[in-house]
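# Let's see this in three dimensions:
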Amino acid sequence: MSNKYIHIYNNFINFTRNKDLYKDLNREDSFSDRLTLFLLHFSFFLKNYKNEDNKKVLQEIYDFNFRQLELSIREIGYGDQSINKKMKDYINLFHSMVSEIHFWDDLSKTDKIKKLSIFLEDFNNIDDLLDYFEEFNLNLSKKTLNYYLKSVINA
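I've put the predicted structure just below:
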């Protein structure tokens, strides 16, 4: 498998390592929490860059990211049957995220909090996460797809 999109994958991993994202979690963070935040970042990314010109490259990024996630799950030690079920669950979660944030820019603050709360129910202060994802979304809108593909961004 080509590592052509490793930069974008590493960017998402770096974003999810931001300790400030977990400060309002009322327990120790888990792989599942990090994966959820990874998928949220990826959802916003796709929302911002989805168009006919980017269709092929975004599909390749999608395939690459989910292949990398599968490899990560294998490294944790899940068996083949468990991996297939986990991947199906994660892909369904991701698609529901994409669906929920599709019209993000048109939503009220209250609606945005409700959308994030669907996926981040164990986080106490969703307002902080909303501010974070608003800033993340804004930063995505100011940069080109190529910018994210060619470099590693500091979280």
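
# Tell me where this structure is predicted with low confidence.
Per-residue confidence of the chain (counting by pLDDT under 70) places the weak regions at 1-2, 151-155.

# For it, just list every one of the helices.
With DSSP state H as the criterion, the chain has helices at 6-16, 31-49, 55-76, 80-101, 109-119, 126-142, 145-150.

# okay, these, which one's buried deepest?
Scoring the helices of the chain by mean neighbour count under mean count of other Cβ atoms under 10 Å gives helix 31-49 as the most buried, with a mean of 20. Just so you know, the C-beta spots here come from the backbone N, C-alpha and C atoms, and that holds for glycine as well.

# just so I know, which of the helices of the chain lies nearest Asp24?
Smallest distance to Asp24 across the helices of the chain (Cβ to Cβ): 6.1 Å, for helix 126-142.

# Please tell me how far the residue most central in space within the chain sits from Asp80.
Nearest to the centroid of the C-alpha atoms of the chain, with distances taken as Cα atoms, centre = their mean, sits Leu39, at 2.5 Å. Look at Leu39 and Asp80: by Cβ to Cβ, to the nearest Å, they are 22 Å apart.

# picking up where we left off before, want to throw the helices of the chain into JSON lines with distance to Leu25?
Formatted as JSON lines, these follow (distance: least, Cβ to Cβ, whole Å):
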{"stretch": "helix 6-16", "distance to Leu25": "13"}
{"stretch": "helix 31-49", "distance to Leu25": "7"}
{"stretch": "helix 55-76", "distance to Leu25": "20"}
{"stretch": "helix 80-101", "distance to Leu25": "18"}
{"stretch": "helix 109-119", "distance to Leu25": "13"}
{"stretch": "helix 126-142", "distance to Leu25": "10"}
{"stretch": "helix 145-150", "distance to Leu25": "27"}
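
# how far away is Ile61 from Asn54?
Taking Cβ to Cβ as the measure, Ile61 falls 9 Å from Asn54.

# do Gln68 as well
For Gln68 relative to Asn54 (Cβ to Cβ), the value is 20 Å.

# same check, this time on Asn92
Computed with Cβ to Cβ, the distance linking Asn92 and Asn54 is 23 Å.

# just Asn18 next, same as before
Counting by Cβ to Cβ, the gap from Asn18 to Asn54 is 26 Å.

# Check Ser108 too.
Note on Ser108: its distance to Asn54, by Cβ to Cβ, is 28 Å.

# neighbour count winner among those two?
For Ser108 versus Asn54, the count of surrounding residues by other Cβ atoms under 10 Å is larger for Asn54: 16 against 8.
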